[in-house]
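Q: When you get a sec, could you give me coordinates for this:
(chains A and B)
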Amino acid sequence: MTSPITIATAKGYLLSESISLFDKIGISFGNDIEDSRRLFTQDSSGQYQLLKIRPWDVTEYVENGAADLGIVGLDVLEEKQSNVIRLADLGFGKCKLVLAGPQGDMALKHHIKVATKFPNLTQRYFDEKGIKAKLIKLYGAIELAPLTGLSDIISDLTATGATLKEHELDIIDTILPSSAYLIANPSSYRTHYDAIVKLVTALRA
Amino acid sequence: MITITEITPEDSIKLQQMLDLASDLMSEAGYQWIQTPTIDAYTSLAPGLGKHLKQNVVRALDRGDDSLILRPDNTAPIAKIVANTPSQSPMKLFYNASKFQRLPKSNDIHETLEVGFELIGDAAATADAEILILLSRLLTQLGFKDHIIDVGHSDLGKQEVAVKREALLKNDFVQYGQLPKRGPVEMMADTDKLKALYQALRSQPDASHIYFNSGLVKELEYYTGIIFEVYIPHCGYPIASGGRYDALLKTYGADLPAVGAALNMNMILSVLGSKK
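A: Okay, here's the model as predicted:
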């Protein structure tokens, strides 16, 4: 095989966890990509290439075949409903998408205003409950929305709940538990089949 | 939004060369050219359209109480014509035509140019093998020497419990619990539904591109036997697909088995374009 297998990885916490996981199974990317401005690096064997990109972009790279594999949270996969193969739950990056509201005011009423980065998953949740919700799509600092009156409640990711507490928000319900998933482009899965199966087997061991 | 297939003069030349190659190979193999209507009455095509296709048809015009649709798929109109034409069995047909569908996610209208071929009136595994081998030879002639044809069977998905079938439809091997069995054509020998196909393929020198994949599941209801998808390196999407659809012609009034394949020429042109 001539061309390396390209792995698109969500930068930040998932990237450092991924690099140490690959290290454990003998694929060494070194540490220079984490801190540097470089957006890609190769492993010492030259068989794998790692891309450092935004979590929301990982699925685009993998769906289009620009990357063969990807590592991204289940939350992003479920929100975007991308046409990729889900190969393995890597177990790290555990968090959950929750509904949270100001302490003491927890009822989910009709026409409730919900600020979120995850409009599709949040809409699905309210559709299943039969509650009409008004979603406000934000790109960050979701916790500010109820404090400033932009929304009644929020739907956001939390790992420890610390940030929610700091903004006097309590969890109302869990929409989706999430963790880091290894995904593959359906074509790459066939064209690099043996290498990918070997990798998944090693990662699951 | 409407995504129109606008082919550049340079691509048109490539396309014509590919069509010529395909046409020569098909004629040699005994397949005859067939032309179907671009616009048809919804009610006359509807019996053979699955739920998925019905949801995504492009309505062209309304003519009183009957709406006209753009050809949503190439197999259904061929099935309708063959079912209503007294003809010798088996029939071997090939086509080169656009299909028009709405994309479920975006609701965009999308035109896809397909080259395909159908073998109608032969239920034997040797007919499945003929289509697969012809497909492989055509792809090789078009320059895709390292193509991969994954073959599964519609019953394998149907045998799974609902939650596992759902997992396979979503390509969610985490929920499925394992990687589905996949490997060289010899693996078909262990699957009852594909034993006969393996017997028909084993003596063929061109079968080296064909793989068994137990995890191949499709939403299209009309598949009643083998299903397959074709992949090549450096292209993220399948470039061809097909399968057996023995119940389709019955919906148009003739109980004839059939199997066929279609190549997505837009995808193939874009692969050729990015190769330079």
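Q: Tell me where chain A has strands.
A: Secondary structure of chain A (DSSP state E): strands located at A:5-10, A:40-42, A:48-53, A:69-73, A:85-89, A:95-102, A:112-116, A:133-137, A:153-158, A:169-178, A:180-184.
Q: Of all the ones you listed, which one is nearest chain B?
A: In terms of CB to the nearest CB, the element of the strands of chain A nearest to chain B is strand A:85-89, at 4.3 Å. Backbone N, C-alpha and C define where each C-beta goes, glycine included.
Q: In contact with the closest residue to chain A within the stretch 101-250 of chain B, which residues?
A: The nearest approach of the stretch 101-250 of chain B to chain A comes at B:G236, 2.2 Å away (CB to the nearest CB). B:G236 makes contact with A:E63, A:N64, A:G65, A:A66, A:N185, A:P186, A:S187, A:S188, according to CB atoms under 8 Å, 6 or more residues apart in numbering or on different chains.
Q: show me which of these neighbour chain B.
A: A:E63, A:N64, A:G65, A:A66, A:N185, A:P186, A:S187, A:S188 (CB under 8 Å from any CB of the partner chain).
Q: need the residues you listed in CSV with distance to A:F40, neighbour count and pLDDT, can you?
A: Output for these, formatted as CSV (distance: CB to CB, whole Å; neighbours: other CB atoms under 10 Å in any protein chain shown; pLDDT from 0 to 100):
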residue, distance to A:F40, neighbour count, pLDDT
A:E63, 19, 19, 95
A:N64, 16, 13, 93
A:G65, 16, 19, 94
A:A66, 12, 15, 95
A:N185, 17, 29, 97
A:P186, 23, 19, 96
A:S187, 21, 23, 96
A:S188, 17, 25, 97
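Q: Can you name the two of those residues that sit furthest apart?
A: Greatest spacing in the ones next to chain B among the contacts of B:G236, by CB to CB: A:A66 and A:P186 (13.8 Å).
Q: got the contact list for B:I69?
A: Shown in contact with B:I69 (CB under 8 Å, 6+ apart): B:I39, B:D40, B:A41, B:Y42, B:L45, B:V57, B:V58, B:R59, B:A60.
Q: For it, list each beta-bridge partner.
A: B:D40, B:R59 (DSSP bridges).
Q: what's the distance between it and B:L49?
A: 9 Å (CB to CB, to the nearest Å).
Q: Identify the contacts common to these two.
A: Taking CB under 8 Å, 6+ apart as the criterion, B:I69 and B:L49 both touch B:V57.
Q: what ranges do the helices span in the stretch 101-250 of chain B?
A: Assigned helices in the stretch 101-250 of chain B, in chain order: B:125-141, B:154-159, B:162-169, B:173-176, B:195-201 (criterion: DSSP state H, counting those that start in this stretch).
Q: Now look at the fourth one and say if it contacts chain A.
A: In this case it means helix B:173-176. Yes. Using CB under 8 Å from any CB, helix B:173-176 comes into contact with chain A via B:F173, B:V174, B:Q175.
Q: list the contacts for the first one?
A: When you say that, I think you mean B:F173. By CB under 8 Å, 6+ apart, the contact set of B:F173 is A:I85, A:R86, A:L87, A:A88, B:A167, B:L179, B:P180, B:G215.
Q: picking that back up, return the member of the strands of chain A having the minimum mean pLDDT.
A: Ranked on mean pLDDT, the bottom entry among those is strand A:40-42, at a mean of 86.
Q: which other residues reach that one?
A: So strand A:40-42 is contacted by A:P4, A:F29, A:G30, A:D32, A:I33, A:Y48, A:Q49, A:L50, A:L51, A:K52 (CB under 8 Å, 6+ apart).
Q: Quick one, which of those are buried?
A: For the contacts of strand A:40-42, a burial check counting by 16 or more other CB atoms under 10 Å in any protein chain shown picks out A:P4, A:F29, A:I33, A:Y48, A:Q49, A:L50, A:L51, A:K52.
Q: measure A:K96 to A:A184 for me?
A: Look at A:K96 and A:A184: by CB to CB, they are 25 Å apart.
Q: what is the spatially most central residue of chain A paired to in the beta sheet?
A: The centroid of chain A falls nearest to A:G73 when counting by CA atoms, centre = their mean (2.4 Å). Counting by DSSP bridges, A:G73 is bridged to A:A180.
Q: Show me the strands in the stretch 101-250 of chain B, by range?
A: Taking DSSP state E, counting those that start in this stretch as the test, the strands found in the stretch 101-250 of chain B are B:109-120, B:148-153, B:182-184, B:210-213, B:226-231, B:240-244.
Q: Check which element follows the lowest-mean-pLDDT helix or strand in chain B along the chain.
A: None of the helices or strands of chain B scores lower by mean pLDDT, DSSP states H and E than strand B:2-3, at a mean of 68. Sequence-wise, the next helix or strand downstream of strand B:2-3 (DSSP states H and E) is helix B:9-28.
Q: ok, then the element right after that next one?
A: strand B:32-33.
Q: Chain neighbours aside, what residue packs nearest to the residue of chain A found nearest chain B?
A: Using CB to the nearest CB, the single residue of chain A nearest to chain B is A:G65, 2.2 Å away. Leaving aside its chain neighbours, A:G65 sits nearest to B:G236 (2.2 Å; criterion: CB to CB, 6 or more residues apart in numbering or on different chains).
Q: thinking again about what came up before, residue contacts, the residue of chain A closest to chain B?
A: Contact partners of A:G65, counting by CB under 8 Å, 6+ apart, are A:N185, A:S187, A:S188, B:H234, B:C235, B:G236, B:Y237.
Q: try B:F228
A: When contacts are counted by CB under 8 Å, 6+ apart, B:F228 touches B:L132, B:L135, B:I149, B:D150, B:V151, B:G152, B:L216, B:S241, B:G242, B:G243, B:A261.
Q: excluding its backbone neighbours, what's nearest A:L108?
A: In this structure, A:L108 finds its nearest non-sequential neighbour in A:I131, 5.5 Å apart by CB to CB, 6+ apart.
Q: picking up where we left off before, quick one: buried ones out of the contacts of B:F173?
A: Of these, these count as buried by 16+ other CB under 10 Å: A:I85, A:R86, A:L87, A:A88, B:A167, B:L179, B:P180, B:G215.
Q: biggest separation within those, which pair?
A: Greatest spatial distance in those: A:A88 and B:G215, 14.9 Å, computed using CB to CB.
Q: residue ranges with poor pLDDT in the stretch 1-150 of chain B?
A: Where the stretch 1-150 of chain B drops to pLDDT under 70, the residues are B:1-3, B:63, B:65.
Q: Name the residues of it found near chain A, please.
A: Residues of the stretch 1-150 of chain B lying close to chain A (CB under 8 Å from any CB) are B:K105, B:D146, B:I148, B:D150.
Q: Cheers, nothing more for now.
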